[in-house]
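[1] model the following, please.
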Amino acid sequence: MTFGTWLHTKLHGERVGEDAYGNVYYKSKRMRGTRQERWVIYKGEPEASKVPPEWHAWLHHTVDAPLDGPVRAWQKPHQPNLTGTAQAYLPPGADQRGGHRAKAADDYQAWTPES
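    Next up, the predicted model:
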């Protein structure tokens, strides 16, 4: 967190809550225009994908209070965006995996300008 963010939060922020990942959410003490300013202070590396849906809706003024509901069986825990890292998903046939993929029944034929 930068010094400016810390100072703004101390002077103008009112703590609203914390999510399961340790991110802390604030709103401004006074109205600025027609809406209150809302922001998040991330725990650890600042990454927007770490904001759960219930807090995302609150941050973007979709709801007045963070949604509170049961965790569904199909919901998965947060994973950081691994693009550009050694753990990134590479589909079969990706250049980084050698560029070879299994043949399909009606296999792909690349277009060439002369054909």
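[2] how far off centre is the strand or helix carrying residue 7?
    Following DSSP states H and E, one finds residue 7 within helix 3-12. Mean-position distance between helix 3-12 and its chain equals 23 Å (C-alpha atoms, centre = their mean, to the nearest Å).
[3] other residues contacting it?
    Applying C-beta atoms under 8 Å, 6 or more residues apart in numbering, the external contacts of helix 3-12 come out as 26, 28, 29, 30, 37, 39, 41. Every C-beta, even on glycine, is put in place using the N, C-alpha and C of the backbone.
[4] what's the following helix or strand after it?
    For helix 3-12, the following helix or strand on the C-terminal side (DSSP H and E) is strand 13-18.
[5] ok, that next one: who's next to it in the sheet?
    Strand 13-18 sits in its sheet next to strand 24-28 (antiparallel), going by DSSP bridges.
[6] all helices of the chain, in order?
    Here the chain has its helices, by DSSP state H, at 3-12, 53-59.
[7] picking up where we left off before, for the contacts of helix 3-12, could you give me TSV that also reports distance to residue 76 and neighbour count?
    What follows is those, written out as TSV (distance: C-beta to C-beta, whole Å; neighbours: other C-beta atoms under 10 Å):
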residue	distance to residue 76	neighbour count
26	27	19
28	33	17
29	36	11
30	38	9
37	31	15
39	26	16
41	24	17
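[8] now for those residues: which two are most distant?
    30 and 41 (19.1 Å; C-beta to C-beta).
[9] need the contact list for residue 28.
    With contact set as C-beta under 8 Å, 6+ apart, residue 28 has these partners: 12, 13, 14, 36, 37, 38.
[10] now the third one: how far from residue 70?
    The one in question is residue 14. Using C-beta to C-beta, to the nearest Å, residue 14 is found at 28 Å from residue 70.
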